[in-house]
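Student: 3D, please:
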Amino acid sequence: MKIKVGDQVLVTAGKDKGKRGKVTKILPRSSRVIVEKANIYVRHIKPKGKGQPGQILKRERPLTVANVAIVCPKCKQQTRVGYRIDREGKKVRICRKCKGEID
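Tutor: Below is the predicted model:
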């Protein structure tokens, strides 16, 4: 997968189209990512026993990788990811638009 935890991404499809957020978790087997403050759903929990009140939880649900695009930290544009081998022989992710490195 070309997206990693901590990357800034833009949601390109769905009800949250246009929102930006950080990737908090990656689910590689299902090709999904969890983005903070995007694709939020509400879960209502009934009270259990005497001491626990009922509550409403808001959580982020996974998005398909195809519905997010990485945002370049240098040019601040939505872009695709390319790769380049640097001088030490390491594989580095690069922005396809400005050719800058993506950490």
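Student: all contacts plus neighbour counts: C-alpha atoms, from now on.
Tutor: Will do.
Student: backbone phi and psi for the residue positioned nearest the centre of the chain, please?
Tutor: Geometric centre of the chain, nearest residue: residue 23, 3.2 Å, by C-alpha atoms, centre = their mean. Here is the backbone geometry of residue 23 (degrees, to the nearest 10): phi -80, psi 120.
Student: Report the spatially closest residue to residue 46, excluding sequence-adjacent ones.
Tutor: Excluding its sequence neighbours, the residue lying closest to residue 46 (C-alpha to C-alpha, 6 or more residues apart in numbering) is residue 54, at 4.6 Å.
Student: wait, what's in contact with that neighbour?
Tutor: 44-48 (C-alpha atoms under 8 Å, 6 or more residues apart in numbering).
Student: mind giving me CSV with those and columns for pLDDT, secondary structure and neighbour count?
Tutor: As requested, those are arranged in CSV below (pLDDT from 0 to 100; DSSP: H, G, I helix; E, B strand; the rest coil; neighbours: other C-alpha atoms under 10 Å):
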residue, pLDDT, secondary structure, neighbour count
44, 96, strand, 10
45, 94, strand, 11
46, 94, coil, 11
47, 94, coil, 11
48, 90, coil, 9
